[in-house]
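Asker: Predicted model follows, preceded by the sequence.
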Amino acid sequence: MLAEFEEIIFGISTKKDGLMKLANQKDDQATKNRQNFFSSQGIDNSKVVSAALANAFEVKIVELKDAGKMIPLVDALVTNQIGLVLAITVADCAPVYIYDPIQKVIALVHAGWRGVLGNIVTKTILLMKTNFFSKPENLQVFVGPHICANHFEVQDDVAKMFTSYEKYIIQQKEKIFIDLASIISSQLLNIGVLSNQVSFSKDCTYCEEKKYFSWRRDKPEKVEAMVVYLMMKH
């Protein structure tokens, strides 16, 4: 649905674009990969602000002065600045793009299972509501490629953390799976986002081996991830 708004530019890299998780080294291959990828999308790399992702359930409002920065200890970014590119990395976790076409505000959320438990999407929308007067019923939300319920297997210890979302816990023989997408959907509806303004990618990062990196599928020693971006243009 976001594609209906000409002022919104959004997307996600794929495996062929290379590793996108930034390391500390300035000559890191991921830095070059990101520059090449953003250039291919017509995006000025110097306008990109990234969330460092710490599963800390923190949301940060960013401004033009933050362009080019990596924001520490944050899993969601919000801005009303035209031309500022929000970016996160994912490798099974759900990227959640949020747009308020009335107040002209965007948010990009990294929703892993810990973030889902910590209500990171709800916290992001509440911040938009408090700081930018966004109304949940006006929001357009797209949940990008992520691991599907058929492959998100957990052990008893993690399953017990999801007791308040019991209907989204799937028992299959001796295995336990969790439907994160449905939980995110329920959280969005609970805060007042309209169901017809929420859409989900049909791509599963685990299933699409040639297209996406997947931490659970590949279990790499070094994190292999895609970069996700969202911006408003003039």
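Answerer: Perfect, thanks for sending it.
Asker: Quick check: bridge partners of the residue nearest the centre of the chain?
Answerer: Closest residue to the average C-alpha location of the chain: Pro95 at 2.0 Å, with CA atoms, centre = their mean. Pro95 has these beta-bridge partners by DSSP bridges: His110.
Asker: Do I have it right that it meets Ser13?
Answerer: No - with contacts counted by CB atoms under 8 Å, Pro95 stays clear of Ser13, the gap being 11.1 Å. To be clear about C-beta, it is placed using only N, CA and C from the backbone, and glycine gets the same treatment.
Asker: Please enumerate the shared neighbours of those two.
Answerer: The contact sets of Pro95 and Ser13 overlap at Val228 (CB atoms under 8 Å, 6 or more residues apart in numbering).
Asker: circling back: wait, what's in contact with the residue nearest to the centre of the chain?
Answerer: Contacts for Pro95 (CB under 8 Å, 6+ apart) come out as Ile12, Ile88, Leu108, Val109, His110, Ala111, Val143, Gly144, Pro145, His146, Val228.
Asker: now Met128
Answerer: Val78, Ile98, Asp100, Gln103, Val105, Ala107, Ser134, Leu139.
Asker: Please settle this for me: is it part of a helix?
Answerer: Yes - under DSSP: H, G, I helix; E, B strand; the rest coil, Met128 sits within a helix.
Asker: Use 39 as the first number for this chain going forward.
Answerer: OK, 39 is where the count begins now, so the last one is Met166.
Asker: Chain neighbours aside, what residue packs nearest to it?
Answerer: Once flanking residues are discounted, Met166 sits nearest to Ser172: 3.9 Å by CB to CB, 6 or more residues apart in numbering.
Asker: Tell me if I'm right that that neighbour and Lys142 touch.
Answerer: No - using CB under 8 Å, Ser172 is not in contact with Lys142; the gap is 9.7 Å.
Asker: Comparing the two, which residue is more hemmed in?
Answerer: Ser172 (24 against 15; other CB atoms under 10 Å).
Asker: quick one, helices of this protein?
Answerer: With DSSP state H as the criterion, the chain has helices at 67-78, 151-155, 158-170, 194-199, 218-229, 253-256.
Asker: Please render these as TSV that adds mean pLDDT to the earlier fields.
Answerer: Formatted as TSV, the helices of the chain follow (pLDDT from 0 to 100):
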stretch	mean pLDDT
helix 67-78	95
helix 151-155	95
helix 158-170	98
helix 194-199	96
helix 218-229	98
helix 253-256	96
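Asker: Need the buried ones from the contacts of Met166 selected in ChimeraX.
Answerer: Buried residues among these (16 or more other CB atoms under 10 Å), as a ChimeraX selection:
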select :116,136,138,141,143,145,172,177
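Asker: Let me know the closest of the contacts of Met166 to Ala94.
Answerer: Val116 (15.4 Å; CB to CB).
Asker: Please report how far that closest one lies from Thr162.
Answerer: Computed as CB to CB, to the nearest Å, the Val116 to Thr162 distance reads 6 Å.
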